[in-house]
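*Asks:* Here is the input, now give the coordinates:
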Amino acid sequence: MSMRTHTCGELRQSHIDTETTICGWVNTFRDQGKGLVFIDVRDRTGLTQVVFDQEDCNEDVMERARSLRREDVIQIVGNVEQRVGGANEKLATGQVEVRGAALTIFSRAHNPPILPDEHDAAKISEEVRLRHRYIDLRRPSMQRMLQVRHDLSALTREYFHGMGFLEIETPLLIKSTPEGARDFIVPSRVYPGKWYALPQSPQIFKQILMIGGCDRYLQICKCLRDEDPRADRQAEFTQIDLEMSFMNRDEVLKIMTGFVRRIFKHLLGVDLGTIPHMPWKLAIDTWGSDRPDMRFEMPLTDISEIAAKTDFKVFQSALAKDGGVVKAIRIPESAKALTRKLLDELQETAKLHGAGGLPWTKVTENGFEGGVAKFIDGVSEELAAELNVEPGDTILMGCDRWLTACESLGQVRLHAARMLDLIDTAAWKALWVVDFPMFRWSEDKQRWLSEHHPFTAPVAEDIDKLKTDPGAVVSAGYDMVLNGSEIGGGSIRIHDPEVQQTVFDILGLDAEQQAVKFGFLLEALKQGAPPHGGVAFGLDRLVMLLTSTDNIRDVIAFPKTQNGADLMTEAPGPVDAEQLDELCVSVHEPTPT
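*Replies:* Have a look, this model is predicted:
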């Protein structure tokens, strides 16, 4: 005999006059006196109201019903009836109730430290919620997020199965090849003094699978990065990981566009429509970001030629730099809303992202007023025409080398849009950003770094530039951006071993380092590698967008804190000396920095 015949969110008017057995947690308890006890029973599907009436129940059942408290786990057998006193329109089951005839108490909840009430969740600190995650997960919103996560995984497998992909697992214990974030490392008991690493991504293995003839690969996989604490980043996260052979960039993007459109259509009923491609340089130049939020306007405009006609030292100093520019954004109808306090806040945003400051002025019926108005008086008409301003607007400016000016002003654009409520939160705007630079120069390290990773191929027409002008090489990489969030990225990979060695050379890896870190990949590439490319989508990030949360810990069943701690299990924790001896590992105090 089944332990239950229906779930708590399943019962409808069509079930009236049938016997049901439901199981769940006591969500609310009301002893009305007069021989009536009302219980709302909850499972992950919803709530059902149960009525115990002493006219229908024996005294033993009534006594146990009166003893129930929040979060007790119970089973109820009873008859489904029309709800007395009118329907509860807030509940899917609100047309009916169950007349309890039998009650089994599986377990009692002893003074729960928190309750899974949505209206109380905001009052409870996240630390407390994470410490008692087994209760926090009972909240309907948490159950919904887990359901969406499951649905996304199921749709992913269905879509790519239909496209001929093979789901293949790759190892969790691999060789350490640090080239970016720190690896988590694992000591080997069998090989004392040697270490495994946990994968930051399956990147090399999925390329090896292509060389191995697997053609189309899929994996929903855990990735681990020992990064410094950052808000809404997790040390372990989940990727939808893909790789394809004999594909050019346009073919890869077509398949992945279809995937993302299907997700949002099936899970939200949203048609993302045609997803355009935008070159990286255009994205930076116009929107100040390689993941531009297109739900609002306010593009960046280059006013360098106009600024050069002024005597304003800030402009002249910026323009004197190699690649120096002056950029501006017009914020319509904002002059009154943008108080001096808010303008100072925007200035701090600009400084935080590398700018020296944030010149500004406001547009009135009499021309520019406030901020740097007196310094640009001689070009006011020309500037007003260039930016198409109207009275009541505010102009914000960024002055520095091109990339710094654009990116700092891009962050100001986002901050201003949020503070002025200019973002259409009901809109969904997706695009592919393409044609990234292949390398970026690190002033700190005095060497070239990969913009994506060292296995990204250059576009075919730039291969000859690798040895002569690395900074001018455009990569065959691509990122998908949705509402200003990067939800996935990838590239066409290098399949020529000579090109791969050249890239390693540019990145400062000598022959010995190449052999130690990537020798097996270079050897594999020499054995006949097909042209191939792939993508990795951030599953956690996708679920965040689908469920409208800005906290990544909400969409992971058992997340870590921002500092990488598991408060429920108290990990990381100590291990005993015997385990360390077996692994030939000793512990010492860190050297002060």
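*Asks:* alpha carbons only for contacts and neighbour counts from here, please
*Replies:* OK.
*Asks:* so where's the stretch 451-593 of the chain uncertain?
*Replies:* Residues of the stretch 451-593 of the chain that meet the criterion pLDDT under 70 lie in 593.
*Asks:* mind listing what's buried in the helix or strand harbouring residue 305?
*Replies:* For residue 305, the enclosing helix or strand under DSSP states H and E is helix 304-307. By 16 or more other CA atoms under 10 Å, the buried positions in helix 304-307 come out as 304, 306-307.
*Asks:* so residue 48 is in which element?
*Replies:* Taking DSSP H and E as the criterion, residue 48 maps to strand 46-53.
*Asks:* Could you please name the strands that strand pairs with and the direction of each pair?
*Replies:* Using DSSP bridges, the strands paired with strand 46-53 are strand 36-43 (antiparallel), strand 96-107 (parallel).
*Asks:* what's the last one in contact with?
*Replies:* To tie it back to what came earlier, the one meant is strand 96-107. For strand 96-107, the surrounding residues in contact (CA atoms under 8 Å, 6 or more residues apart in numbering) are 11-13, 16, 20, 48-53, 56-57, 61, 64-65, 72-84, 87.
*Asks:* Quick check: next helix or strand after it?
*Replies:* helix 118-121.
*Asks:* quick one on the thing from earlier: which of the contacts of strand 96-107 count as buried?
*Replies:* Counted by 16+ other CA under 10 Å, the contacts of strand 96-107 give 11-12, 16, 20, 48-53, 57, 61, 65, 72-83 as buried.
*Asks:* Which members of these occur in strands, if any?
*Replies:* Counted as lying in strands by DSSP state E, out of the buried ones among the contacts of strand 96-107, are 20, 48-53, 73-82.
*Asks:* Could you tell me how many residues sit around residue 104?
*Replies:* When neighbours are counted by other CA atoms under 10 Å, residue 104 registers 14.
*Asks:* In a strand, residue 489, correct?
*Replies:* Yes. Assessed with DSSP: H, G, I helix; E, B strand; the rest coil, residue 489 lies in a strand.
*Asks:* Let me know whether it touches residue 482 as I believe.
*Replies:* No. The criterion here is CA atoms under 8 Å, and residue 489 misses it with residue 482 at 11.8 Å.
*Asks:* and stretch 346-363, how far out from the chain's middle?
*Replies:* Centre-to-centre, stretch 346-363 and its host chain are 27 Å apart (CA atoms, centre = their mean, to the nearest Å).
*Asks:* buried stuff in that stretch?
*Replies:* 346-350, 353, 355-363.
*Asks:* Repeat that for stretch 278-287.
*Replies:* Neighbour count says stretch 278-287 has 278, 280-281, 283-287 buried, by 16+ other CA under 10 Å.
*Asks:* and residue 489 and residue 482? which has more neighbours close in?
*Replies:* residue 482 (23 against 19).
*Asks:* what packs against the helix or strand of the chain with the lowest mean pLDDT?
*Replies:* In the chain, no helix or strand scores lower on mean pLDDT, DSSP states H and E than helix 118-121, which sits at a mean of 85. Helices and strands in packing contact with helix 118-121 are not found; criterion 3 or more CA pairs under 8 Å, 6 or more residues apart in numbering; DSSP states H and E.
*Asks:* can you pull out the helices in the stretch 101-250 of the chain?
*Replies:* Using DSSP state H, counting those that start in this stretch, the helices of the stretch 101-250 of the chain run over 118-121, 126-131, 133-136, 140-162, 203-211, 249-268.
*Asks:* Please work out which of those is packed deepest.
*Replies:* helix 203-211 (a mean of 20; mean count of other CA atoms under 10 Å).
*Asks:* Now tell me what touches the helix or strand harbouring residue 397 from outside.
*Replies:* Per DSSP H and E, residue 397 falls inside strand 394-401. If you take CA under 8 Å, 6+ apart as the criterion, strand 394-401 is touched by 314-315, 318-319, 321-335, 355-363, 405-406, 408-409.
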